[in-house]
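> No letters, just coordinates:
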């Protein structure tokens, strides 16, 4: 017994329904996969790893940049002032090179002016030791560039004589790409200016 032929329109309608269902299913699958990938990315961004000096891997939890910004800004300024002003005849070239990576052309201008004034030649000629004793900074994080004011106390050891100085410097900080190990904080000093320098007496 022969089966009756199905109506062609019924077959086309069935095929259309099947196509719609397959398309919707594929779409929902793609959306679900996208959501899962995004969630995995968010979780991955919430943690990181650092390599310790002994080669071991240390898990780190990342917090928002805003929470870390003040700590990193103060650390960046501390590092810069220690490199830029903590120099002697054995380390001044390497320290100044490290300091110049932490600032823009305004820092380089101060460096060139000091070089033209013979500051580094005197350090070499008389074997002077310029040691940073303290760095205290205040940073305004309300808007970029973040304005700062730093008071640096350092001493110059001339052998039989040790003189102590206090310098006030100002400038701004802008965010840049991190550069390991040359600029680990991802900040750059701009508009750098040495406002004042005065000799201070040692506290008895």
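Perfect, thanks for sending it. Since we're looking at a predicted model, the values are computed, not measured.

> From here on, just use CA atoms for contacts and neighbour counts.
Will do.

> okay, now residue 149: neighbour count?
Neighbour count of residue 149, defined by other Cα atoms under 10 Å: 19.

> That one should be in a helix, yeah?
No - Residue 149 is assigned strand when assessed by DSSP: H, G, I helix; E, B strand; the rest coil, not a helix.

> Residue 167 is in contact with that one, correct?
No - Residue 149 sits out of contact with residue 167 when judged by Cα atoms under 8 Å, with a separation of 10.5 Å.

> now the residue lying closest to residue 108 once chain neighbours are set aside: how far from residue 27?
Ranked by Cα to Cα, 6 or more residues apart in numbering and with sequence neighbours excluded, the top spatial neighbour of residue 108 is residue 100, at 6.4 Å. Remark: distance between residue 100 and residue 27 (Cα to Cα, to the nearest Å) = 53 Å.

> Which of the two has more residues huddled nearby?
Ranked by neighbour count (other Cα under 10 Å), residue 100 and residue 27 place residue 100 first, with 21 against 12.

> What's opposite residue 163 in the beta bridge?
Judged by DSSP bridges, the bridge partners of residue 163 are residue 156.

> I'd like the next helix or strand past the helix or strand bottoming out on mean pLDDT in the chain.
Lowest on mean pLDDT, DSSP states H and E among the helices and strands of the chain sits strand 57-61, with a mean of 52. Scanning forward in sequence from strand 57-61 by DSSP states H and E, the next helix or strand is helix 65-85.

> Low-confidence stretches in this protein?
Per-residue confidence for the chain (pLDDT under 70) gives these ranges: 1-7, 9-10, 12, 41-67, 202-204.

> try 80 this time
For the chain, the stretches with pLDDT under 80 are 1-18, 37-67, 202-204.

> Break down it into its strands, ranges please.
47-51, 57-61, 87-88, 129-140, 146-157, 162-175, 187-200 (DSSP state E).

> Any chance of CSV for those strands, columns distance to residue 121?
Below are the strands of the chain laid out as CSV (distance: least, Cα to Cα, whole Å):
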stretch, distance to residue 121
strand 47-51, 40
strand 57-61, 44
strand 87-88, 11
strand 129-140, 13
strand 146-157, 14
strand 162-175, 18
strand 187-200, 20
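
> right, so of the ones you listed, which gets closest to residue 19?
Distance to residue 19, taken as Cα to Cα, is lowest for strand 47-51 among these, at 42.7 Å.

> okay, now residue 71: neighbour count?
Neighbour count of residue 71, defined by other Cα under 10 Å: 11.

> no wait, residue 80
Residue 80 has 22 neighbours, counted by other Cα under 10 Å.

> what's the single longest helix in the chain?
Assignment by DSSP state H gives helix 8-45 as the longest helix of the chain.

> Check which helices and strands that one sits against.
Helices and strands touching helix 8-45, by 3 or more Cα pairs under 8 Å, 6 or more residues apart in numbering; DSSP states H and E: there are none.
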